[in-house]
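S.K.: I need the structure of the sequence given here:
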Amino acid sequence: QVQLLESGGGLVQAGGSLRLSCAASGRPSSGTAMGWFRQAPGKEREFVGAISWSGVLTRYADSVKGRFTISRDNAKNTVYLQMNSLKPEDTAVYYCAAGRNYWGTRDEYDYWGQGTQVTVSS
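M.R.: Have a look, this model is predicted:
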């Protein structure tokens, strides 16, 4: 069983930056990919980005490409989401998730955190 806990959300002005963290307990097994998703009010949860176990591979949604960066520190069982040049449309609850397939869709992720709110003011 893996438990995930996000932190680092908050209120920021447009153009600002935030760094989210996702701490995993229960020691994810080797090969576990990590993903970030977000859900805005009235919308479905959408993919933001993912990182492979080794950290070598990353992929992002087009809407955040070039602005967001995912990294991980397996020694600390922690994944990060660095968000720069934030826009009001980035406002959402951000979730991290753990899964076995780096290319997996939302439904293929096995474990989810509770989410952290990110609000970007204009």
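S.K.: elements contacting the least confident helix or strand in the chain by mean pLDDT?
M.R.: Least confident helix or strand of the chain, by mean pLDDT, DSSP states H and E, is strand 109-112 with a mean of 94. The contact analysis (3 or more Cβ pairs under 8 Å, 6 or more residues apart in numbering; DSSP states H and E) places strand 109-112 against strand 3-7, strand 92-99. The way it works is simple: take the backbone N, C-alpha and C, and place the C-beta from them, glycine included.
S.K.: cutoff 6 Å now
M.R.: Other helices and strands packing on strand 109-112, by 3 or more Cβ pairs under 6 Å, 6 or more residues apart in numbering; DSSP states H and E, are strand 92-99.
S.K.: Quick one: low-confidence residue ranges for the protein.
M.R.: Where the chain drops to pLDDT under 70, the residues are 27-28.
S.K.: how about the nearest residue to the residue most central in space within the chain, chain neighbours excluded?
M.R.: Residue closest to the average C-alpha location in the chain (Cα atoms, centre = their mean): Trp36, at 2.4 Å. Counting by Cβ to Cβ, 6 or more residues apart in numbering, Trp36 lies nearest to Val48, which is 4.2 Å off, once chain neighbours are set aside.
S.K.: what are the ranges of the helices in the protein?
M.R.: For the chain, applying DSSP state H gives no helices.
S.K.: Now do the strands in it.
M.R.: Counting by DSSP state E, one finds strands in the chain at the ranges 3-7, 10-13, 18-25, 33-39, 46-51, 58-60, 68-73, 78-83, 92-99, 109-112, 116-121.
S.K.: List the residues that contact Val118.
M.R.: 9, 94 (Cβ atoms under 6 Å, 6 or more residues apart in numbering).
S.K.: For Cys22, see how far away it is.
M.R.: The gap separating Val118 from Cys22 is 13 Å, by Cβ to Cβ, to the nearest Å.
S.K.: And for Ala33?
M.R.: To Cys22, Ala33 is 13 Å away according to Cβ to Cβ.
S.K.: Check Tyr95 too.
M.R.: 9 Å.
S.K.: More neighbours: which of the two?
M.R.: Using other Cβ atoms under 10 Å as the criterion, Tyr95 and Cys22 rank with Cys22 on top: 26 against 23.
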